[in-house]
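Participant: give the three-dimensional model of this entry:
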Amino acid sequence: MAVTIEELYRNYGILADAKDNLSQHKDAYQVILDGVKGGPKEKRLAAQFIPKFFSSFPELADAAINAQLDLCEDEDVSIRRQAIKELPRFATGENILRVADILTQLLQTDDTAEFNQVNTALVLIFKTDAKGTLGGLFSQILQGEDVVRERAIKFLSLKLKTLPEDVMTKEVEDYIFAEAKKVLEDVTGEEFVLLMRVVSGLRVLQTVSGRQQLVELVVEQAFLEQALNPADPDTVDRLMQCTRQALPLFSKNVHSTRFVTYFCEHVLPNLSNLTSPVAELDIQLEVLKLLAEMSPYCGDMEKLESNLNMMFTKLVEYMPLPPDETENGENAVSEEPKLQFSYVECLLFGFHQLGKKLPDFLLDKVDAEQLKDFKIRLQYFARGLQVYIRQLRVALQGKTGDLLKTDENKIKVVALKITNNINVLIKDLFHNPPSYKSTVTPKRPSGEEMSPGSAVKKQIPVLPRRDARQIYNPPSGKYSATIGTYEQRGGFRGGRGRGFGTRGNRSRGRIY
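Facilitator: Okay, the predicted model is just below:
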């Protein structure tokens with residue numbers, strides 16, 4: 001026979017009045033546990049009464065937790081929410097791991113209010129026992145269903161940074177890093193980005209050695225020991241995402257040498273053959289931007305001369321020769337070559353940074369004819385550059401405040417910054433001998449300067465389609481409006497045992 005409301009209140013009264021003799025009223029507590037088999041009203045009362053006296057009946061702990069769990073799975077969402085709200089009261093001693101595991105599984109709910117209740121409960125028990133809560137979370141991340149795994153990882157990426165230092169102790173952070181490394185052995189692209197956000201925010205990893213450990217994690221995911229297959233968009237996507245995650249970690253003490261070397265030896269030779277993972281993405285420009293951003297943090301390079309030569313070769317490819325003139329001084333061709341300022345800025349900047357390490361490269365390693373050809377190209381590019389700079393200055397003249405915030409004028413402002421950067425770098429290379437002393441900062445389309453950490457702090461808006469990039473075409477050249485950062489996209493095809501595979505051969509698909 002089902003327990004009635006009256007029986008629940010009567011037995012609650014017995015327990016409430018028992019005070020120090022609670023343990024003698026095991027039968028009364030059992031009646032309350034049986035309330036989960038009643039109707040909606042009985043269940044709601046049971047959801048509140050069971051946790052209140054839970055600690056007084058250790059011999060009924062399993063039965064009590066199971067009863068509350070039954071309520072967490074009830075068809076009535078209001079009963080589920082009440083039961084979930086009370087779950088943290090069971091998170092004591094050895095029960096913490098089990099409660100955390102249950103709450104993590106409950107993250108799969110599609111009810112917004114219930115989902116928020118689960119998040120609140122997890123944060124609450126986190127403050128009670130952080131390591132125990134993490135044990136439940138990582139247990140589900142490593143072994144649970146895909147939707148639970150995905151939401152548990154997102155929970156960590158969003159909530160850990162909000163917890164105070166007395167909760168996020170060194171021991172707790174060390175545990176997070178150790179468990180995250182296990183998860184990173186087999187992740188999708190999106191999971192990799194979220195987990196890197198988690199571990200990058202740990203205070204124990206803010207030292208030079210800590211950041212170096214993070215770089216090692218990314219290197220392992222990037223497969224830098226393997227040759228690049230430019231025809232495979234997933235391979236290209238993996239490299240781009242890994243590089244983007246590594247960028248904020250680089251500094252004068254944590255070097256980008258392995259990434260820069262890989263780009264010079266494997267990516268630049270295949271630049272024109274790269275297959276973009278996203279149709280609208282200018283993959284060649286994105287690669288060049290990444291290389292430019294990394295180059296200031298490159299340390300001693302084993303094959304510096306050959307890598308500089310590869311960068312020089314690519315730079316020459318993007319810097320056209322002036323068109324031949326006819327006898328009357330007119331161009332022999334009807335259309336002048338397009339000057340691709342965005343590409344050239346990236347290559348010039350990278351070449352300038354590596355050139356500092358071998359300042360005699362242009363004089364001693366490039367033959368006279370090549371150097372002459374290069375200077376002709378530089379001179380022609382510089383002339384077109386001056387024309388474009390004048391056009392941009394006229395277009396922006398007198399514009400201030402909100403007028404400069406329109407999409408059109410934002411692009412022009414960044415274009416002016418880019419062209420001025422190129423101008424400074426070209427002047428350096430025209431010195432005799434070439435100089436590498438000038439300092440420029442490559443520019444992003446949002447107006448944000450390239451700096452370690454900026455790639456992680458903000459998501460980049462969806463890139464415009466290719467036809468939208470041709471808005472500003474001065475007679476002498478072209479500016480690409482997509483000078484911005486590569487947009488992070490997750491989910492890769494093809495399992496390879498570790499890295500961005502299909503965890504357990506169950507593909508999560510591409511997340512776009």
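
Participant: next, name the residue at the spatial heart of the protein.
Facilitator: Val193 (3.9 Å; CA atoms, centre = their mean).

Participant: name the helices or strands packed onto the helix or strand hosting that residue?
Facilitator: Val193 is part of helix 189-200, with elements assigned from DSSP states H and E. Judged by 3 or more CB pairs under 8 Å, 6 or more residues apart in numbering; DSSP states H and E, helix 189-200 is in contact with helix 146-159, helix 170-183, helix 208-222, helix 233-246. The way it works is simple: take the backbone N, C-alpha and C, and place the C-beta from them, glycine included.

Participant: any idea which of the ones you listed is most buried?
Facilitator: Ranked by mean neighbour count, these are led by helix 233-246 with a mean of 23 (mean count of other CB atoms under 10 Å).

Participant: angle of that helix against helix 208-222?
Facilitator: Counting by axes from the mean of the first three to the mean of the last three CA atoms, to 10 degrees, helix 233-246 lies at 170 degrees to helix 208-222.

Participant: dump helix 233-246 to CSV, restricted to CA.
Facilitator: Output of helix 233-246 as CSV, limited to C-alpha atoms (Å, rounded to 0.1, in the frame of the first residue of the first chain):
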residue,chain,number,x,y,z
PRO,A,233,41.0,19.2,-44.9
ASP,A,234,40.9,17.4,-41.5
THR,A,235,44.6,17.2,-41.3
VAL,A,236,44.9,20.9,-42.2
ASP,A,237,42.1,21.8,-39.7
ARG,A,238,43.9,19.9,-36.9
LEU,A,239,47.2,21.8,-37.6
MET,A,240,45.4,25.2,-37.6
GLN,A,241,43.5,24.5,-34.4
CYS,A,242,46.6,23.2,-32.6
THR,A,243,48.6,26.2,-33.7
ARG,A,244,45.9,28.6,-32.6
GLN,A,245,45.9,27.0,-29.2
ALA,A,246,49.7,27.1,-28.9
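
Participant: buried sites along stretch 299-311?
Facilitator: Using 16 or more other CB atoms under 10 Å as the burial criterion, the residues of stretch 299-311 that qualify are Met301, Leu304, Asn307, Leu308, Met310, Met311.

Participant: would you reformat those residues as JSON lines and include secondary structure?
Facilitator: Putting the buried residues of stretch 299-311 into JSON lines (DSSP: H, G, I helix; E, B strand; the rest coil) gives the following:
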{"residue": "Met301", "secondary structure": "coil"}
{"residue": "Leu304", "secondary structure": "helix"}
{"residue": "Asn307", "secondary structure": "helix"}
{"residue": "Leu308", "secondary structure": "helix"}
{"residue": "Met310", "secondary structure": "helix"}
{"residue": "Met311", "secondary structure": "helix"}
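
Participant: correct me if wrong: Asn95 contacts Ala64.
Facilitator: No. If you go by CB atoms under 8 Å, Asn95 and Ala64 don't touch, sitting 9.6 Å apart.

Participant: where does the residue nearest to the centre of the chain land on pLDDT?
Facilitator: Val193 carries a pLDDT value of 92.

Participant: hang on, it packs against Met240?
Facilitator: No. Val193 lies out of contact with Met240 (CB under 8 Å); the separation is 11.4 Å.

Participant: for the stretch 401-512 of the chain, which spans come out with low pLDDT?
Facilitator: By pLDDT under 70, the low-scoring segments of the stretch 401-512 of the chain are 443-512.

Participant: my bad, should have said the stretch 251-400 of the chain
Facilitator: Checking the stretch 251-400 of the chain against pLDDT under 70 turns up 325-335.

Participant: please, where are all the helices along it?
Facilitator: Using DSSP state H, counting those that start in this stretch, the helices of the stretch 251-400 of the chain run over residues 257-262, 283-294, 304-317, 341-355, 368-396.

Participant: among the ones you listed, which comes closest to Ala180?
Facilitator: helix 257-262 (21.2 Å; CB to CB).
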